[in-house]
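Participant: Provided below for reference: sequence and predicted model.
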Amino acid sequence: MAERLTLEITPEYGYIVAVVAAMFVAQNIVMVIPVLRQRFKTGIKAPTLYPRDHEIKMLKLSDKQVRDYMVAQRAHQNNVEFTSVFMPLFLVAGLFPAITLKVAIAGAWVVFWRLMGAMGYLFGVRQIGAPYALGAYYILYLAVKQAYELAHPVRRPSGLYMTARVFRSFAACASQPCARRAPPT
């Protein structure tokens with residue numbers, strides 16, 4: 001029968017929850033505002049994500065209006081797609097106490113650079129948010145490493161245990177003649 005593991009949520013998981021809240025605010029408030037502004041300016045109604053040519057003609061939109069709307073919508077939609085994949089990995093990886101703080105810090109890095117990337121994209125500086133990938137891949141690395149350690153537990157005595165065992169055997173040999181083992185036959 002497989003060994004059962006107990007999940008204990010440590011107080012440090014609060015940092016994970018704080019980063020998730022920041023992701024939510026960035027996604028559902030900060031990145032939605034430019035889309036709403038552009039919808040108001042252009043008359044493009046939800047649920048239309050990207051207007052078709054006939055809708056553009058019907059609304060009599062200029063190339064600049066279409067471009068501004070598309071840029072705002074793409075910045076928001078790109079983050080929706082990223083968050084839907086990233087968030088579950090982030091939440092699960094943060095559950096492991098050995099890596100919780102590292103995951104939280106990397107997650108804060110991701111939120112910051114994703115937000116900078118979206119704002120940069122809106123203002124024509126597309127590559128400004130690229131460093132987010134360092135945090136995302138670091139979290140992926142931590143999660144894979146933790147998964148491997150869960151699947152392949154190493155059962156080694158601690159260093160202190162080994163040191164005490166070696167010391168006792170030397171002490172026993174020093175106080176009396178050590179019996180040598182006969183070589184195996």
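Facilitator: Everything's here; your move. Because the structure is a prediction, the values reported are computed rather than measured. Residues are numbered from 1 along each chain as shown.
Participant: How is Arg39 assigned, secondary-structure-wise?
Facilitator: Secondary structure state of Arg39, per DSSP: H, G, I helix; E, B strand; the rest coil, is helix.
Participant: Do I have it right that it meets Pro47?
Facilitator: No: in this structure, Arg39 is not within contact of Pro47 by C-beta atoms under 8 Å, at 11.1 Å. Backbone N, C-alpha and C define where each C-beta goes, glycine included.
Participant: Among the two, which residue is more densely surrounded?
Facilitator: Neighbour totals were compared for Arg39 and Pro47, and Arg39 leads with 17 against 4 (other C-beta atoms under 10 Å).
Participant: got a list of what the more buried one touches?
Facilitator: By C-beta atoms under 8 Å, 6 or more residues apart in numbering, Arg39 lies in contact with Lys45, Ala46, Tyr69.
Participant: mind listing what the residue positioned nearest the centre of the chain touches?
Facilitator: Centroid-nearest residue in the chain, with C-alpha atoms, centre = their mean: Phe90, separated by 4.0 Å. Each residue near Phe90 by C-beta under 8 Å, 6+ apart is listed here: Ile16, Val19, Val20, Val103, Gly107, Val110, Ile139.
Participant: For Leu61, state which of those is nearest.
Facilitator: For these, the closest approach to Leu61 (C-beta to C-beta) belongs to Val110, at 34.2 Å.
Participant: Okay, and that closest one sits in which element?
Facilitator: In the assignment (DSSP states H and E), Val110 maps to helix 100-122.
Participant: I'd like the mean pLDDT over the helix or strand that comes right after that helix, please.
Facilitator: Counting by DSSP H and E, the element after helix 100-122 in chain order, helix or strand, is helix 132-151. Averaged across helix 132-151, pLDDT comes to 95.
Participant: Any buried residues in helix 132-151, and which?
Facilitator: By 16 or more other C-beta atoms under 10 Å, the buried positions in helix 132-151 come out as Tyr132, Gly135, Ala136, Tyr138, Ile139, Leu142, Ala143, Gln146.
Participant: Now distance to Gly117 too, for those residues, in a markdown table please.
Facilitator: Formatted as a markdown table, the buried residues of helix 132-151 follow (distance: C-beta to C-beta, whole Å):
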| residue | distance to Gly117 |
| --- | --- |
| Tyr132 | 6 |
| Gly135 | 12 |
| Ala136 | 12 |
| Tyr138 | 17 |
| Ile139 | 17 |
| Leu142 | 22 |
| Ala143 | 22 |
| Gln146 | 27 |
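Participant: Now for those residues: which two are most distant?
Facilitator: Maximum distance among those (C-beta to C-beta): 21.3 Å, for Tyr132 and Gln146.
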